[in-house]
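Student: Quick one, structure for this:
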Amino acid sequence: MKMQLLEIGAETEQLSACKLSLLLGVFTATNQVERFLRFSRKILDAQQAVLAFHNEPYIWYSSNHGFKAFSSPGETCLSPYFEGRAFIDHQHAQYPNLVQHVSHFGVEAKRYVAFDLRLSDGVSIGQVLFFDLHQECFNLEDIIAVQDFTNSLTHLVELKADYTELKEMYEQQVALNFSKTKFFQIIAHDLRAPFHGLLGFSEVLAQERETLDESSVQSISEYLYETAQSTYNLLESLLNWAMAEGGRFIYHPINFELKQSTKIVCDVLNSLAIKKNIQLIDQIEEDLKVYADINMITSVIQNLVSNALKFTPIDGTGKVIISANKSDTGVHIAVRDTGLGMSQMQIDQLFQESVTASIKGTAGEKGTGLGLVLCKRFIDLNHGEICVESIEGQGTVFNVTLPIATSTHQALVQEPVHIEKVKV
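Tutor: Numbers count the residues shown, from 1 in each chain. Here you go, the predicted structure:
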């Protein structure tokens, strides 16, 4: 043959486009394509065979020398020649046209027989061609036997496709059920305690107001406000988490100055920093731009800075610093604190979606355990990266990398894959 032979393996990138071939286990121990071609050749006593599925980049070749892959020459579809019949042999009216068509691919033979691979609904998914240099025509009984074998192959394709689809649906449902269970566990765990406080002190104000002095009323009011505020923040985090899990966030990237996000964050959290006697320092330059969803990135920075403030000492020496620099690979943002730091075990579990009790901050603050999970999800949606460095007793640095601002507002496009070809 003069077709272009490809020595490829399971790791070849374009192999992922061979969906039907992969269903039949090419390059595995249960290679149904290779078995089908080998047994069919024995039934027909044919020396060579080629099987091609529609719209796949490779075709599969079987001979006495083994099973190999070829780059698809393009016009491999033989469907128009069948004219409604299941196979084409020497008695078919289109047999001469079929021979002429395949000869353009470098196939040199004296006899041919082709089968249309049809699903139960009559849709063609490809063809298989048997050929060699023998002079006598293929036996009709052998052709009918191979036709039955071909029907079994297409039925196997349908079964495997249905199984794969059902398996994917099952896995999605399991993941969805796990997310729902985790969601309700978090709600039950994190909302029960604050509502006990809200209900208890509200009852005191409602039933014992006349027995309280102004100082007590002020203390209870402050407690109710702070608890209501933290509970609202928790509910907002839960809603954001649920929306992220359900894929309901719309990724809307724009070119914007990173300072816009950090200014919002510092304005919101500066009062908390002052209350805890911590320096909140914004070192982001005015003209540093990124290409991302501004709402998601602002949320990420707010979560990271809030976390840093939570675990930084309140003795007046604590600092939380936001900085950034640009390189060829993107814009690198760092949120650094001089806080408690973390062990390696804690670092390994940071971005895991598990229901665990949140560690209390330096002023007794409680967390939801959702902040960093959301950060990871938002950074992934923005085609960025997030990682952490920490030393116990010295502090923590969260590093975020985002795409550099573009002038065209277009997402990155993957480069085409090129596979070298050699002739045999």
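
Student: How about the secondary structure of Q218?
Tutor: Secondary structure state of Q218, per DSSP: H, G, I helix; E, B strand; the rest coil, is helix.

Student: give me the number of residues near it?
Tutor: Number of residues near Q218 (other C-beta atoms under 10 Å) recorded here: 11. All C-beta spots, glycine's among them, are computed from the backbone N, C-alpha and C.

Student: in this structure, what spans have low per-residue confidence?
Tutor: Within the chain, the ranges that satisfy pLDDT under 70 run 1-15, 73-76, 172, 175-176, 178-193, 230, 233-234, 236-249, 353-370, 407-424.

Student: Spatially central residue in it, please.
Tutor: Of all residues in the chain, the one closest to the mean position by C-alpha atoms, centre = their mean is D380, 9.3 Å from it.

Student: I'd like the distance between that one and D348.
Tutor: Separation of D380 from D348 (C-beta to C-beta, to the nearest Å) stands at 18 Å.

Student: Check I278 too.
Tutor: From I278 to D348 the distance is 27 Å (C-beta to C-beta).

Student: My read is that F53 contacts S21, right?
Tutor: Yes - between F53 and S21 there is a contact under C-beta atoms under 8 Å: 6.2 Å.

Student: just the helices in the stretch 201-350 of the chain please.
Tutor: 214-245, 258-275, 294-310, 344-348 (DSSP state H, counting those that start in this stretch).

Student: Can you check what angle separates the second one from helix 294-310?
Tutor: If I follow you right, that is helix 258-275. Calculated by axes from the mean of the first three to the mean of the last three C-alpha atoms, to 10 degrees, helix 258-275 forms an angle of 30 degrees with helix 294-310.

Student: residues of helix 258-275 that come out buried?
Tutor: 258-259, 261-262, 265-266, 269, 272-273 (16 or more other C-beta atoms under 10 Å).

Student: Turn the residues you listed into CSV, including distance to A69.
Tutor: Output for those, formatted as CSV (distance: C-beta to C-beta, whole Å):
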residue, distance to A69
L258, 48
K259, 54
S261, 50
T262, 53
V265, 54
C266, 58
L269, 58
L272, 62
A273, 62
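
Student: Can you tell me which of these is nearest G393?
Tutor: Comparing these against G393 with C-beta to C-beta places A273 closest, at 21.0 Å.

Student: and the closest one, what is it in contact with?
Tutor: 279-280, 309, 320 (C-beta atoms under 8 Å, 6 or more residues apart in numbering).

Student: Roughly how far does it sit from D315?
Tutor: 14 Å.

Student: what's the answer for I274, then?
Tutor: Distance from I274 to D315, counting by C-beta to C-beta: 14 Å.

Student: Would you mind confirming that P313 is in contact with G341?
Tutor: No - using C-beta under 8 Å, P313 is not in contact with G341; the gap is 11.2 Å.

Student: Other residues contacting stretch 378-393?
Tutor: Residues contacting stretch 378-393 (C-beta under 8 Å, 6+ apart): 244, 249, 251, 253, 292-293, 296-297, 299-300, 330, 340-343, 346-347, 350-351, 375-376, 396-403, 411-412.

Student: Restricted to strands, list those residues.
Tutor: 292, 330, 396-402 (DSSP state E).

Student: So which of those residues wins on neighbours?
Tutor: When neighbours are taken as other C-beta under 10 Å, the top entry among the ones in strands among the contacts of stretch 378-393 is A292 (29 neighbours).

Student: Next, count neighbours for the closest residue in space to it that isn't next to it in sequence.
Tutor: Using C-beta to C-beta, 6 or more residues apart in numbering and skipping the chain neighbours, the partner closest in space to A292 is N382 (4.4 Å). Residue crowding around N382 was assessed by other C-beta under 10 Å; the count is 21.
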